[in-house]
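# can't give you the sequence, but here's the structure:
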């Protein structure tokens, strides 16, 4: 039986400037362990806003959010910050690596913050994540000396370091050429198929979305289809 790792229950969200506007309307869906889900829709449809609600970084909404059977709605900011670090890995359009740090040091940062393992264990785990992504030979190179595709691989390794329940990506291939876009997709596919990692991405790339396990299509703040076809 498939295990539900994320459940959104009647999520509504409003913006109030310059006037009250409902950006998310009665959002309901579930995501299962090991599933690779793409959120699609035209610009302004609410998909990135939804991702930030799902990630617990935006708590100003109505409805209920569950991750790993834990109700996160109404929790304190300190609780959510710790929960995010343990359970959610982020991959953005821009890599957000610290330029003066090496690839290895960048990957280590979330685990150092979590404080669950010794420095040596974290260093070894970070190296193994870089090895998993085929970039361990660049481990000691400053991140600003890496190519764009390499930087995004390091960002994915960083997202994986704490063995998160879910990886969330906001246009993770938006700054990449077609070759590196395919590389990132192949990495995500391998993570879900081999390691049963759950991945939710917002994307405008129809080919990327078409090859994921499931497409959730949005329009005007609502979900048109939780199993859309392109």
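Ah, there it is. On a predicted model such as this, the values are computed, not experimentally measured, just so you know.
# mind listing what's buried in the longest helix along the chain?
In the chain, taking DSSP state H as the definition, the longest helix is helix 178-195. Residues 180-181, 183-185, 187-188, 191-192 are the ones in helix 178-195 that count as buried (16 or more other CB atoms under 10 Å). C-beta coordinates here come from the backbone N, C-alpha and C atoms, glycine included.
# just give me how far that helix sits from the chain centre.
Remark: helix 178-195 is offset 14 Å from the chain centroid, using CA atoms, centre = their mean, to the nearest Å.
# which elements pack onto it?
If you count contacts as 3 or more CB pairs under 8 Å, 6 or more residues apart in numbering; DSSP states H and E, helix 178-195 packs onto strand 36-40, helix 148-160, strand 166-170, strand 198-202.
# and the angle for that helix with helix 148-160?
Orientation check (axes from the mean of the first three to the mean of the last three CA atoms, to 10 degrees): helix 178-195 against helix 148-160 gives 30 degrees.
# hmm, who's touching helix 178-195?
34-36, 133, 148-149, 152-153, 156, 160, 167, 169, 172-173, 176, 197-199, 201, 205, 208, 211-213 (CB atoms under 8 Å, 6 or more residues apart in numbering).
# same thing with stretch 74-82?
Contacts for stretch 74-82 (CB under 8 Å, 6+ apart): 56, 59, 72, 83.
# could you redo the last one with a cut-off of 10 Å?
55-57, 59, 64-65, 70, 72, 83, 88, 113-114 (CB atoms under 10 Å, 6 or more residues apart in numbering).
# can you tell me how far the residue nearest the centre of the chain is from residue 111?
For the chain, residue 168 is the residue whose C-alpha lies nearest the centre (CA atoms, centre = their mean; 1.2 Å). For residue 168, the distance to residue 111 (CB to CB, to the nearest Å) stands at 18 Å.
# do the same with residue 93
23 Å.
# those two - which one has more neighbours?
residue 111 (22 against 16; other CB atoms under 10 Å).
# isn't that one right up against residue 120?
No. Contact between residue 111 and residue 120 fails when scored by CB atoms under 10 Å: they sit 11.6 Å apart.
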